[in-house]
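K.L.:
predicted coordinates and the sequence they were generated for:
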Amino acid sequence: MTTKLINTIRMFHRDEEGLEALQVVMIIAIAAMVMVACATLGQKAVTWMNQKWTSLQGTSISSN
């Protein structure tokens, strides 16, 4: 049982197509994480900017 598992791992390690597939999966996973982070932080940034804009609308900026 252990020998079969070790041989399977060695075959996967030697197989370049398996490595390429693993790299593609990793790139997709990282891209998905970046997209989720941008969507979450982007929405918070828009909300913050809207709050600041609303608070500035009633404030006079001129020194007169």
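P.N.:
Noted; the coordinates are in hand. Numbers count the residues shown, from 1 in each chain.
K.L.:
neighbours around residue 16, how many?
P.N.:
Using other Cβ atoms under 10 Å, residue 16 has 7 neighbouring residues. In this view, the C-beta of every residue, glycine as well, is placed from N, C-alpha and C.
K.L.:
again, but for the one 10 residues further on
P.N.:
Burial measure for residue 26: 10 neighbouring residues, criterion other Cβ under 10 Å.
K.L.:
so where does it fall, helix or strand?
P.N.:
When elements are assigned from DSSP states H and E, residue 26 belongs to helix 16-57.
K.L.:
tell me the mean pLDDT for that helix?
P.N.:
The pLDDT scores in helix 16-57 average 86.
K.L.:
from residue 23, how far off is residue 50?
P.N.:
41 Å (Cβ to Cβ, to the nearest Å).
K.L.:
whoops, residue 38 was the one
P.N.:
Taking Cβ to Cβ, one finds residue 38 at 23 Å from residue 23.
K.L.:
residue 33 now?
P.N.:
Distance of residue 33 to residue 23, computed by Cβ to Cβ: 16 Å.
K.L.:
try residue 53
P.N.:
As for residue 53, its distance to residue 23 is 44 Å (criterion: Cβ to Cβ).
K.L.:
do residue 40 as well
P.N.:
Separation of residue 40 from residue 23 (Cβ to Cβ) stands at 26 Å.
K.L.:
tally of neighbours for residue 57?
P.N.:
Residue neighbour count, defined by other Cβ under 10 Å, stands at 7 for residue 57.
K.L.:
could you do residue 49 as well?
P.N.:
Taking other Cβ under 10 Å as the neighbour definition, residue 49 ends up with a count of 10.
K.L.:
same thing with residue 22?
P.N.:
Around residue 22 there are 12 residues (other Cβ under 10 Å).
K.L.:
ok, it to residue 51 distance?
P.N.:
If you go by Cβ to Cβ, the gap between residue 22 and residue 51 works out to 44 Å.
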